[in-house]
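**Q** Dropping a prediction and its sequence here:
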There are 2 protein chains.
Amino acid sequence: MNIAFVGLGTMGAPMAMSLLRAGYRLTVHNRTRDREEPLAAAGAARAASPAEAAQGAEVIITCVSDTPDVREVVLGERGVIHGARRGAVVVDMSTISPAATRAMAERLAKREVGLVDAPVSGGSEGAERGTLAIMAGGSEAEVETVRPVLLAMGSTVTHVGPVGAGQVTKAINQTIIAGVYQSVAEGVALGLGAGLNLERVLQAIAGGAAASWVLDNRARFMIDNSYPLGFRLRLHKKDLDIALAEAAELGVSMPVAEMVSRVEEELIATGHGEKDVSALAIAVRRAAGMD
Amino acid sequence: MNIAFVGLGTMGAPMAMSLLRAGYRLTVHNRTRDREEPLAAAGAARAASPAEAAQGAEVIITCVSDTPDVREVVLGERGVIHGARRGAVVVDMSTISPAATRAMAERLAKREVGLVDAPVSGGSEGAERGTLAIMAGGSEAEVETVRPVLLAMGSTVTHVGPVGAGQVTKAINQTIIAGVYQSVAEGVALGLGAGLNLERVLQAIAGGAAASWVLDNRARFMIDNSYPLGFRLRLHKKDLDIALAEAAELGVSMPVAEMVSRVEEELIATGHGEKDVSALAIAVRRAAGMD
């Protein structure tokens, strides 16, 4: 199977490498062309544009930063749509707007090109190890066609519904973690304020109803007031705002997610956007006069 | 060892029963006296007041509803303080104010009676099975004295710090779960609003950074809009307000916990206080016009 891969960033580059390791014939393109070199050295062909990469590919993967970037590489002047053959499937693994995803699917359908939205969770570590969790939206047939390809990059592929459903699922994921991070930050601040040994506190509550991935893996960052990546706060804010826009569209109010988005905005404005999301604790500590 | 047990409610009764099963000599008292009968049938002595129960006991356990109740059974006219011998240790397993706990410890210390605060998590199910997680605050010596007694009622006993630290730890626990429940409710509402198959969504996100006990065990209640106990929303509100009072005392701001407390207040006012905490989803569904 011929695969095109557009977008060789922190996530895309190791994902493309996983496909090469799995034996797929790969053509890669990245806006900053020299990022194609390590993939070419590993056996990938290079293309001068998304359109050129898409030529002859059965599956065309895009993995870029945000909604406008996906629109550009898919529908733009030199976009995938101008090279893709009939029957090809575009798999967008970026995290973008569900509404924009559905609109893009309609445009592609007119050329008889399919779209599967397949955002991931698991971060750059999951991308390196090929252990991403992949949430796929699209028709049953198209998702089944691309499933083996996705499984070369991730541990699980869950077909969650029609086109756009993958993005909504990712939005739900980012909504939930927003509140979990913030609540763990509040709990940690209460413990610090009371002068407790937080190691003991975590040990006491880790097995009960307060248990979470964030408590297990990120509370320590908050205690130490040090926030190594992880997942950038600035990117979580981008994802959360996609979730809030979708929620507003649907008439769903998400007050905690809104509050966390505002806190993240302040943290970005004060220079903390490149830290891990757990840096939400900086705002709680600051409000308590701890730093 | 002679143990007194005051407060035979939903939690206290099965906890006292665990002590009998473990072979301790037990004297019980409850304000509504007929609740003593099943314990008496299982071998406990009965006492007409907390003071009388405390006579001759090395360890005096209290397990009642709220701060004023603990004050009454410990320091009141017929309270434990009037029966306890020097060297006895009072173990308060209620969830109450850390500040009130510290004040009570000072009063008891004047009579050479110790205090260990040992609130629990794990609910009535944990109390029945003897699998509670117990967070103990007090002196090293006193916590070690009562540890075997506590282990007859729970799976883990974590000594988290000096008197009051157990209550602060419980407050941290309740603060964290507040935000987790609310965020899962917001995520579920977004998924319902978008018409997704929520079973699939949960499957897709359960293994990643959004993972939590609440997501695993309570998201389904929110999807079904049915909230069997569990842990009463009204009691969580009581605990959360203890946490907020302690935080205010310490100058720690907990905006998500405050917001959830307000939502819970509304839900209690509209008749949902006896439902499980996951009924927080009712407010999110209502705001989205789902019900």
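**A** On my side now, so go ahead. Residues are numbered from 1 along each chain as shown, chains lettered A, B, ... in the order given.
**Q** CA atoms for contacts and neighbours, from now on please.
**A** OK.
**Q** how about the residue lying closest to residue A:153 once chain neighbours are set aside, what does it touch?
**A** Closest residue to residue A:153 apart from its sequence neighbours, by CA to CA, 6 or more residues apart in numbering or on different chains: residue A:130 at 4.5 Å. By CA atoms under 8 Å, 6 or more residues apart in numbering or on different chains, residue A:130 lies in contact with A:15, A:18, A:152, A:153, A:154, A:155.
**Q** closest to chain B among the residues you listed?
**A** Nearest to chain B among the contacts of residue A:130 is residue A:155, at 10.4 Å by CA to the nearest CA.
**Q** May I have the predicted confidence score for that closest one?
**A** Looking at residue A:155, its pLDDT stands at 95.
**Q** which element is it on?
**A** Element membership for residue A:155, per DSSP states H and E: strand A:154-161.
**Q** Is there proximity between the helix or strand following that strand and chain B?
**A** Counting by DSSP H and E, the next helix or strand C-terminal to strand A:154-161 is helix A:165-193. Yes: residues of helix A:165-193 contacting chain B under CA under 8 Å from any CA of the partner chain: A:165, A:168-169, A:172-180, A:182-184, A:186-191, A:193.
**Q** tell me how far helix A:165-193 is from the chain's mean position?
**A** In terms of CA atoms, centre = their mean, to the nearest Å, the centre of helix A:165-193 is set 16 Å apart from its chain centre.
**Q** mind listing the strands for the stretch 101-250 of chain A?
**A** Ranges of strands in the stretch 101-250 of chain A, per DSSP state E, counting those that start in this stretch, are A:114-117, A:120-121, A:132-137, A:154-161.
**Q** Could you export these as a markdown table, including distance to chain B and mean neighbour count?
**A** Output for the strands of the stretch 101-250 of chain A, formatted as a markdown table (distance: least, CA to the nearest CA, whole Å; neighbours: other CA atoms under 10 Å in any protein chain shown):
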| stretch | distance to chain B | mean neighbour count |
| --- | --- | --- |
| strand A:114-117 | 14 | 29 |
| strand A:120-121 | 7 | 26 |
| strand A:132-137 | 6 | 29 |
| strand A:154-161 | 5 | 22 |
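**Q** Test my guess that residue A:160 contacts residue A:135.
**A** Yes: Residue A:160 is within contact range of residue A:135, at 6.5 Å (criterion: CA atoms under 8 Å).
**Q** So for those two, which residues contact both of them?
**A** Joint contacts of residue A:160 and residue A:135 (CA under 8 Å, 6+ apart) are A:166, A:169, B:204.
**Q** Go ahead and confirm the last one touches residue A:132.
**A** No: under the criterion of CA under 8 Å, residue B:204 is not in contact with residue A:132, lying 10.9 Å apart.
**Q** list the residues that contact both of these two?
**A** residue A:156.
**Q** What pLDDT is listed against residue A:162?
**A** In this prediction residue A:162 is given a pLDDT of 98.
**Q** Over to residue A:207?
**A** What the model reports for residue A:207 is a pLDDT of 87.
**Q** same thing with residue A:95?
**A** 97.
**Q** residues near it, how many?
**A** 27 (other CA atoms under 10 Å in any protein chain shown).
**Q** again with residue A:206
**A** 18.
**Q** show me the contacts for the residue of the stretch 151-291 of chain A found nearest chain B.
**A** Across the stretch 151-291 of chain A, the shortest distance to chain B (CA to the nearest CA) belongs to residue A:212, at 3.8 Å. The contact partners of residue A:212, taken as CA under 8 Å, 6+ apart, are A:180, A:206, B:210, B:211, B:212, B:213.
**Q** Of those residues, just say which sits nearest to residue B:117.
**A** residue A:206 (19.1 Å; CA to CA).
**Q** so what does the helix or strand hosting residue A:267 touch, helix or strand wise?
**A** Using DSSP H and E, residue A:267 maps to helix A:255-269. Under the contact criterion of 3 or more CA pairs under 8 Å, 6 or more residues apart in numbering or on different chains; DSSP states H and E, helix A:255-269 touches helix A:165-193, helix A:233-250, helix A:280-287, helix B:165-193.
**Q** Identify the residues contacting that helix?
**A** A:175-176, A:178-179, A:182, A:233-234, A:237, A:240-241, A:244, A:273-274, A:280, A:282-283, B:179, B:182-183, B:186, B:256.
**Q** centre of the chain versus it, how much separation?
**A** So, by CA atoms, centre = their mean, the centroid of helix A:255-269 is 19 Å from its chain's centroid.
**Q** Same check on stretch A:152-170?
**A** Worked out by CA atoms, centre = their mean, stretch A:152-170 lies 11 Å from the chain centre.
**Q** Near the nearest residue to residue A:55 once chain neighbours are set aside, how many residues? Count them for me, please.
**A** Counting by CA to CA, 6+ apart, residue A:83 is the residue found nearest to residue A:55 once chain neighbours are left out, at 4.8 Å. Close neighbours of residue A:83, defined as other CA under 10 Å, add up to 18.
**Q** do residue A:1 as well
**A** As a burial measure, residue A:1 scores 11 neighbours (other CA under 10 Å).
**Q** wait, isn't it in contact with residue A:25?
**A** Yes: under the criterion of CA under 8 Å, residue A:1 makes contact with residue A:25 at 6.4 Å.
**Q** Quick check: the gap between residue A:125 and residue B:257.
**A** As judged by CA to CA, to the nearest Å, residue A:125 and residue B:257 stand 32 Å apart.
**Q** Please identify which of these two sits among more neighbours.
**A** residue B:257 (27 against 15).
**Q** Find me the pLDDT at the more buried one, would you?
**A** 98.
**Q** ok, it to residue A:186 distance?
**A** 8 Å.
**Q** what residues are shared contacts of these two?
**A** B:175, B:176.
**Q** can you pull the buried residues of the worst-scoring helix or strand of chain A on mean pLDDT?
**A** Every helix and strand of chain A was ranked by mean pLDDT, DSSP states H and E. The lowest is helix A:123-129, at a mean of 91. The neighbour-count check on helix A:123-129 (16 or more other CA atoms under 10 Å in any protein chain shown) flags A:123, A:124, A:126, A:127, A:128 as buried.
**Q** any residue of that helix up close to chain B?
**A** No: judged by CA under 8 Å from any CA, helix A:123-129 stays clear of chain B, getting no closer than 9.6 Å.
**Q** which strands and helices sit next to that helix?
**A** Checking 3+ CA pairs under 8 Å, 6+ apart, helix A:123-129 ends up next to helix A:12-21.
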